[in-house]
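> I'll drop the sequence and a predicted model, then ask my questions.
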Amino acid sequence: MKVPFLDLALHHEPLLPEIRRAFDEVIASNAFAGGRFVDQFDREFAEFSGARHSLGVGNGTDALWAALLAVGVKPGDEVITVSTTFMATVEAITHCGARPVFVDVDERTYTMDPTLVEAAVTDKTRAIVPVHLFGQPADMDPILAIAKKHGLAVVEDACQAHGARYKDRPVGTLGDAGCFSFYPGKNLGAFGEAGGVITNRDDVADFVRLFRDHGQRKKYDHVLDGWNARMDGLQAVVLSIKLKHLARSNELRRQHAATYDELLRELPVIRPVVADYALPVFHIYAIRVDHRDAVLAAMGEAGVACGIHYPVPVHRMKAYEHLNVPAGSLPVAEKCADGFLSLPMFPELTEPQLRRVATVLAEVLAAQPAPARPAQV
Ligand SMILES: *Cc1c(COP(=O)(O)O)cnc(C)c1O
């Protein structure tokens, strides 16, 4: 039995007739770039997220960049974030002309360690960008308290956390703005590139609404230096249709995570920890193992497709050499990157597939040299 990492075709299959009808409607109306289908999705996603505003944009990277600009991040500012994330979190900061300042992550949740944040604040700090990695919210209350004390904005990178909750509050609404990616493989994914910013701040919404459309208040009346960051109408209708299934899909992901947790209990791996404040959405189910690269290759050979999110922490990328982050200054980020292994995770996974993953993993681990047993954190 082969187990894919993600089976999008299976997810889309029952939705295709409805999506094709919606495409016909978009084609007939010429609302391809921005327009009424995007406005419609924005209303639906705002309601789903419990946010006052939602603004569809071109992708998650645009969402982060626009949100940071909206909260006033300027050249020369510093923005505190984590290195255990996808590159885009940090690109959004540098493309504002600001300097990313990394703090380490908590070893249990892989999200920003709030106890390290205050020491990173300087008189140049303008914002904090926590990342709800793998679909688990960062510990937001202490981060928000530090932001309030120092007058900083908080922009949540919720690109992996559609529908996740922190102390029963929806992610993306906890800080000044929340940013989502609707890349096809995300928990809510388009048929191409798309993203969104949600916010309860009217001024942030006004900025993003203008920014995404070349700063136009109306046609050829450009009131700010914006960008082309519009969402496509075709993507918006896909998202409207798929949004109706998101809560159920997230529930299935949580059930699969619970099944994995049970099946992997006796194996020499570190399983994901769900923080007591979190309702996670398991965009990724990442374990940590010794001999990770060998384990990944052997799993693939046995027909179980796994991944790594992410093999190199962002501060160690060549692109950020010039930041001169001292070696060893983010020990948890480095250690986790060496051990991360993402198991297949998608709503349509079956019980036999979950069992197959666990069986193959057990065999693969037993065949490794000196199978050390990492302690569950
Ligand atoms: C996917 C992702 C992004 C970027 O989103 P795109 O839509 O690919 O631009 C940013 N941050 C995180 C954590 C992501 O997973």
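Thanks, I have it. Just so it is clear, the model here is predicted, and its values are computed rather than measured.
> ok, and the closest non-adjacent residue to the residue of the stretch 51-200 of the chain found nearest the ligand?
Per CB to the nearest ligand atom, Gly60 is where the stretch 51-200 of the chain lies closest to the ligand, at 2.4 Å. C-betas here are computed from N, CA, C, even on glycine. Distances taken as CB to CB, 6 or more residues apart in numbering place Ser181 nearest to Gly60, at 2.6 Å, with adjacent residues excluded.
> returning to that earlier point: pretty sure the residue of the stretch 51-200 of the chain closest to the ligand sits against Gly185.
No. Counting by CB atoms under 8 Å, no contact exists between Gly60 and Gly185, whose distance comes to 11.5 Å.
> show me the contacts for Asp139.
For Asp139, the set of contacting residues under the criterion of CB atoms under 8 Å, 6 or more residues apart in numbering consists of 106, 109, 111-112, 114, 275, 277.
> ranges for the strands of the stretch 201-350 of the chain?
For the stretch 201-350 of the chain, the strands defined by DSSP state E, counting those that start in this stretch cover 216-218, 221-222, 278-279, 285-288, 340-343.
> which single residue of the stretch 251-377 of the chain ends up nearest the ligand?
When CB to the nearest ligand atom is the measure, the stretch 251-377 of the chain has its nearest residue to the ligand at His283, with 7.4 Å between them.
> what's the spacing between that residue and Ala257?
Per CB to CB, to the nearest Å, His283 is found 11 Å from Ala257.
> of the two, which one has the most company?
Each of His283 and Ala257 has its neighbours counted (other CB atoms under 10 Å); His283 has more, 27 against 22.
> can you pull the contacts of that one?
His283 is in contact with 134-135, 160-161, 186-187, 253, 345, counting by CB under 8 Å, 6+ apart.
> let me have the residues you listed in TSV, adding neighbour count as columns.
TSV is the format used below for the contacts of His283 (neighbours: other CB atoms under 10 Å):
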residue	neighbour count
Phe134	25
Gly135	29
Gln160	28
Ala161	31
Lys186	19
Asn187	26
Arg253	23
Met345	24
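> number of residues surrounding Val109?
Quick fix: residue 109 reads Thr, not Val. The criterion is other CB under 10 Å. On that basis, Thr109 has 23 neighbouring residues.
> name the residues of this structure found near the ligand, please.
Taking CB under 6 Å from any ligand atom as the contact definition, the chain meets the ligand at 59-61, 85-86, 88-89, 131, 157, 159-160, 181, 183, 195.
> could you save those residues as a markdown table and add columns showing pLDDT and distance to Gly307?
Formatted as a markdown table, the residues of the chain next to the ligand follow (pLDDT from 0 to 100; distance: CB to CB, whole Å):
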| residue | pLDDT | distance to Gly307 |
| --- | --- | --- |
| Asn59 | 98 | 20 |
| Gly60 | 98 | 18 |
| Thr61 | 98 | 20 |
| Thr85 | 98 | 15 |
| Phe86 | 98 | 12 |
| Ala88 | 98 | 17 |
| Thr89 | 98 | 18 |
| Val131 | 98 | 17 |
| Asp157 | 99 | 19 |
| Cys159 | 98 | 16 |
| Gln160 | 98 | 13 |
| Ser181 | 98 | 16 |
| Tyr183 | 98 | 14 |
| Gly195 | 98 | 21 |
